[in-house]
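**Student:** sequence-free structure coming up:
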């Protein structure tokens, strides 16, 4: 089963990435114009901006890193190759530039993208990407595209300018922009459907281990392609480019923190406090100190994949779904090392989408299995509860109690009256408890004391239940302490229990409640796996599936039963 799941998730990832790479590969008709040049614009402090490029500019080869620090105004120039087929007027141009710009085609003013300004107040920011159909060619081997630009409103200092010109037939150029995001849309839709299915099955059970982390990771997986596609599908004025990069980096950091944390919860791997703080420090250092947003995102992703793989390798070998997840992480790690920055442009959120869909569906399968198990536990608990109730009013015990009552009516009417009151109180509490899923600790103690009063009145001996911490705000499955008291009276004997009082100690240890009940040891050879014990275990499993334990045995002169369960408050 694990091999089948591993091959299936790898096939899904490979199909998604292959489809992305096919539609993202530049077709033969697309040309990225090389040999760009740049020059500062010599413009006075006042007067109009130039209406055409001057002839005496000192052009220099385009340096993307240097251009990122220019605010302008400045000039850029590209020599666009003429179309291969004469009369081909269907070409379009895509200019990517973080600036307001005025374009000139073969020396003639063409289009404006925002308003170029000497200062931030004079500038009106242009869109970071513009696509326009090209004017007719000049008939020469190349056409000249000159751009007057200014970048006065940059909000962040970026590592490079990423100025670029693409030329292609209009259908090819628009298809290159839109088609990759159709693949991303399918992946995002599958992830959204998996999230909705998960929420429908979860039905508000956010206390399920790791559920909140998984939901948060799902939100990151849905937000990441939306923010990535913001530039290509919607566009924005160039000052928003830095904001988008910060948002992407924040999503990468969130995914890097949530993924290992969820896997640690999912596979019950204990993470040392020092290790958690060290990992957080490394993530923050990579996100802040490294140059360039792509470098930071790649480093954060690398740390996330390594940390997640480390968590999985520490998980028990028999844990279900360990190998499919490890295979996906290994594939992502290999792709990141080989493709580097290109992996962040699309395959990364495809990897996250496939991984998230798998995690959500498998978590849903676990929840459904847990629901089935809990339903069985509820049925088992109801059956044992009925047996316990029958045992509490079994004819033999009831006949002995009524016989004792008859004698007391003649010998000690006051004791007889108290016995009738205690007997009525016990039956009333048993009836009430059998209808409830949990009862306050004080109600459970009252049921135990009522039972001890009946036994004590019948024997004319004082039966004591001493409690340390009885005022704790704790709810219990009904009857689990009462069952231990009955077991002690049955196996150790009422006389022994009168000589050795019951002692209950209740305490809270961080996320657990601990209840330790001591009673007389007794000498019965078969004690510890009867109806009462099975009722206690089934009740605890149904009430606290996340964590419980019940152990009992001899401790010196006492019989000790210890219950531990996860805190409900």
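**Tutor:** It's in. Remember, it's a predicted structure, so these values are computed and weren't measured experimentally.
**Student:** every contact and neighbour count from this point should use C-alpha atoms.
**Tutor:** Fine.
**Student:** where does the stretch 301-450 of the chain dip in pLDDT?
**Tutor:** 318, 341, 380-403, 405-408, 410, 433-435 (pLDDT under 70).
**Student:** please enumerate the helices of it.
**Tutor:** For the stretch 301-450 of the chain, the helices defined by DSSP state H, counting those that start in this stretch occupy 322-339, 341-344, 347-392, 395-411, 413-433, 441-459.
**Student:** closest one to residue 550 among these?
**Tutor:** Nearest of the helices of the stretch 301-450 of the chain to residue 550, taken as CA to CA: helix 347-392 at 15.4 Å.
**Student:** show me what the closest one is packed up against.
**Tutor:** helix 2-24, helix 170-202, helix 211-229, helix 322-339, helix 531-543 (3 or more CA pairs under 8 Å, 6 or more residues apart in numbering; DSSP states H and E).
**Student:** now tabulate the ones you listed in JSON lines and tack on mean neighbour count and distance to residue 278.
**Tutor:** Formatted as JSON lines, the helices and strands packed on helix 347-392 follow (neighbours: other CA atoms under 10 Å; distance: least, CA to CA, whole Å):
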{"stretch": "helix 2-24", "mean neighbour count": "16", "distance to residue 278": "31"}
{"stretch": "helix 170-202", "mean neighbour count": "17", "distance to residue 278": "31"}
{"stretch": "helix 211-229", "mean neighbour count": "20", "distance to residue 278": "20"}
{"stretch": "helix 322-339", "mean neighbour count": "18", "distance to residue 278": "21"}
{"stretch": "helix 531-543", "mean neighbour count": "21", "distance to residue 278": "37"}
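**Student:** how about the ones you listed in a markdown table, adding distance to residue 451?
**Tutor:** Below are those laid out as a markdown table (distance: least, CA to CA, whole Å):
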| stretch | distance to residue 451 |
| --- | --- |
| helix 2-24 | 53 |
| helix 170-202 | 41 |
| helix 211-229 | 42 |
| helix 322-339 | 50 |
| helix 531-543 | 15 |
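**Student:** could you tell me the least trusted of these?
**Tutor:** Across those, helix 531-543 has the smallest mean pLDDT, namely a mean of 78.
**Student:** that one packs against which elements?
**Tutor:** helix 347-392, helix 480-491, strand 548-555.
**Student:** reformat the ones you listed as TSV; add distance to residue 188 and mean neighbour count.
**Tutor:** Shown next, in TSV, are the helices and strands packed on helix 531-543 (distance: least, CA to CA, whole Å; neighbours: other CA atoms under 10 Å):
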stretch	distance to residue 188	mean neighbour count
helix 347-392	7	18
helix 480-491	48	21
strand 548-555	39	15
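**Student:** next, format the ones you listed as CSV and append distance to residue 189.
**Tutor:** Formatted as CSV, these follow (distance: least, CA to CA, whole Å):
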stretch, distance to residue 189
helix 347-392, 9
helix 480-491, 48
strand 548-555, 39
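**Student:** which of those sits closest to residue 209?
**Tutor:** Of the helices and strands packed on helix 531-543, the one closest to residue 209 (CA to CA) turns out to be helix 347-392, at 9.9 Å.
**Student:** rewinding a little: compare the helices of the stretch 301-450 of the chain and give me the one nearest residue 279.
**Tutor:** Closest among those, once you apply CA to CA, is helix 322-339, at 17.6 Å.
**Student:** how far does the closest one sit from the chain's center?
**Tutor:** In terms of CA atoms, centre = their mean, to the nearest Å, the centre of helix 322-339 is set 19 Å apart from its chain centre.
**Student:** what's the angle between that helix and helix 347-392?
**Tutor:** Computed by axes from the mean of the first three to the mean of the last three CA atoms, to 10 degrees, the angle separating helix 322-339 from helix 347-392 equals 160 degrees.
**Student:** can you give the contact residues for helix 322-339?
**Tutor:** 2-3, 5-7, 9-10, 13, 298, 302, 305-306, 308-309, 312, 315, 343, 348, 351, 355 (CA atoms under 8 Å, 6 or more residues apart in numbering).
**Student:** same question, stretch 300-310
**Tutor:** 252-253, 255-257, 259-260, 263, 283, 286-287, 326, 329-330, 332-333, 336.
**Student:** what does stretch 101-117 give?
**Tutor:** Taking CA under 8 Å, 6+ apart as the rule, stretch 101-117 contacts 51-53, 73, 100, 122-127, 130, 135, 138, 143-150, 152.
**Student:** restricted to strands, list these.
**Tutor:** Under the assignment DSSP state E, the contacts of stretch 101-117 contribute 100, 130, 143, 144, 145, 146, 147, 148, 149, 150 to strands.
**Student:** show me the two of those that sit farthest apart.
**Tutor:** Spanning the widest gap among the ones in strands among the contacts of stretch 101-117 are 143 and 150, at 23.0 Å by CA to CA.
**Student:** more neighbours, those two?
**Tutor:** residue 150 (31 against 19; other CA atoms under 10 Å).
**Student:** list the contacts of that one.
**Tutor:** 71, 72, 73, 74, 99, 100, 101, 116, 117, 118, 123.
**Student:** which residue sits closest to the first one, ignoring its sequence neighbours?
**Tutor:** Nearest non-adjacent residue to residue 71, counting by CA to CA, 6 or more residues apart in numbering: residue 151, 4.5 Å away.
**Student:** roughly how far does the one you found sit from residue 113?
**Tutor:** The spacing between residue 151 and residue 113, counted by CA to CA, to the nearest Å, is 12 Å.
**Student:** which residues do the two both contact?
**Tutor:** With CA under 8 Å, 6+ apart, residue 151 and residue 113 have common neighbours 100, 125.
**Student:** neighbour-wise, which of those two wins?
**Tutor:** Neighbour count, other CA under 10 Å: between residue 151 and residue 113, residue 151 has more, with 30 against 19.
**Student:** isn't that one up against residue 118?
**Tutor:** No: when contacts are counted by CA atoms under 8 Å, residue 151 is not listed as touching residue 118 (9.4 Å).
**Student:** name the residues contacting each of those two.
**Tutor:** 72, 73.
**Student:** I'd like to know which elements whichever strand or helix holds residue 276 is packed against.
**Tutor:** Using DSSP states H and E, residue 276 maps to helix 273-289. Under the contact criterion of 3+ CA pairs under 8 Å, 6+ apart, helix 273-289 touches helix 240-266, helix 293-314.
**Student:** any chance of a markdown table for the ones you listed, columns mean neighbour count?
**Tutor:** Output for those, formatted as a markdown table (neighbours: other CA atoms under 10 Å):
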| stretch | mean neighbour count |
| --- | --- |
| helix 240-266 | 20 |
| helix 293-314 | 20 |
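**Student:** any chance of those helices in TSV, plus distance to residue 43?
**Tutor:** Output for these, formatted as TSV (distance: least, CA to CA, whole Å):
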stretch	distance to residue 43
helix 240-266	27
helix 293-314	33
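**Student:** can you say which of those helices is nearest to residue 550?
**Tutor:** helix 240-266 (23.3 Å).
**Student:** what's near enough to touch residue 429?
**Tutor:** Contacts of residue 429 by CA under 8 Å, 6+ apart are residue 447.
**Student:** gap between it and residue 33?
**Tutor:** Going from residue 429 to residue 33 by CA to CA gives 86 Å.
**Student:** wait, what's in contact with residue 366?
**Tutor:** No contacts exist for residue 366 under CA under 8 Å, 6+ apart.
**Student:** right, I'll leave it there.
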